[in-house]
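Novice: pasted the sequence and its predicted model underneath.
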Number of protein chains: 2
Amino acid sequence: MPEENTVYIGKKPTMNYVLAVVSQLNTGCDNVCIKARGRAISRAVDVAEIVRRRFVQNLSYQDVKIATETLPGQDGGSANVSSIEIYMKR
Amino acid sequence: MPEENTVYIGKKPTMNYVLAVVSQLNTGCDNVCIKARGRAISRAVDVAEIVRRRFVQNLSYQDVKIATETLPGQDGGSANVSSIEIYMKR
């Protein structure tokens, strides 16, 4: 999936990301990927469910991938953080 | 999957749940389901990844399901909350 079909979930209010996903689908694109790391994972699941239940008809989950990413830490070490990728298709 | 193979993730420290999942798999059972709601979803993903990467060999994701549950609210109304079910198999 091309990078422009991906919405990264951060610390902004949930509805900001819902709007981003809905906008993405309204450009005529039939699929979207929602990605998040760490505590934003819960918000990513909220975004996916709100879009699917309230805004876009016939949207279904294609795949949900869970993984661990290794990020460089502040002290020169590294930190492991969980990540999720939610693939949705109309 | 029978109810006893399911580990529900709440607000306790992550490693408590990691231990519960590892114990479950050490009873000779080859599969386990990790369930969580709301903010505990991030922790559920952490638990799954820690078990898979550090404690149990050859454990893989069978399915990851995302849904919305409707809970009765305090004021007599209802609240929607996202949920995740992570199915893992050895």
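Specialist: Yep, that arrived. Numbering: from 1, shown residues only, chains lettered A, B, ... in the order given.
Novice: nearest residue to residue A:33 in space, please, no chain neighbours.
Specialist: Among residues not flanking residue A:33 along the chain, residue A:6 sits closest, at 4.5 Å (C-beta to C-beta, 6 or more residues apart in numbering or on different chains). Backbone N, C-alpha and C define where each C-beta goes, glycine included.
Novice: no no, residue A:41
Specialist: Using C-beta to C-beta, 6+ apart, the nearest residue to residue A:41 is residue B:42, at 4.2 Å.
Novice: hey, where'd the strands end up in chain A?
Specialist: The residue ranges that make up the strands of chain A, judged by DSSP state E, are A:6-8, A:31-37, A:60-72, A:78-89.
Novice: those strands: which one's closest to residue A:51?
Specialist: strand A:78-89 (7.5 Å; C-beta to C-beta).
Novice: which secondary structure elements does the closest one contact?
Specialist: Contact partners of strand A:78-89 among helices and strands, from 3 or more C-beta pairs under 8 Å, 6 or more residues apart in numbering or on different chains; DSSP states H and E: strand A:31-37, helix A:40-50, strand A:60-72, helix B:40-50.
Novice: relative to residue B:61, which of those is closest?
Specialist: Comparing those by C-beta to C-beta, strand A:60-72 comes nearest, at 6.3 Å.
Novice: residues in chain A within reach of chain B, list them.
Specialist: Applying C-beta under 8 Å from any C-beta of the partner chain, we find that chain A lies next to chain B at A:38-42, A:45-46, A:48-49, A:53, A:61, A:64-68, A:80, A:82-84, A:86.
Novice: if we use 10 Å, what do you get?
Specialist: A:36-50, A:52-54, A:61, A:63-68, A:80-84, A:86, A:88 (C-beta under 10 Å from any C-beta of the partner chain).
Novice: could you measure from residue A:76 over to chain B?
Specialist: Using C-beta to the nearest C-beta, to the nearest Å, residue A:76 is found at 22 Å from chain B.
Novice: isn't residue A:87 right next to residue A:44, touching?
Specialist: No: applying C-beta atoms under 10 Å, one finds residue A:87 not in contact with residue A:44, separated by 11.8 Å.
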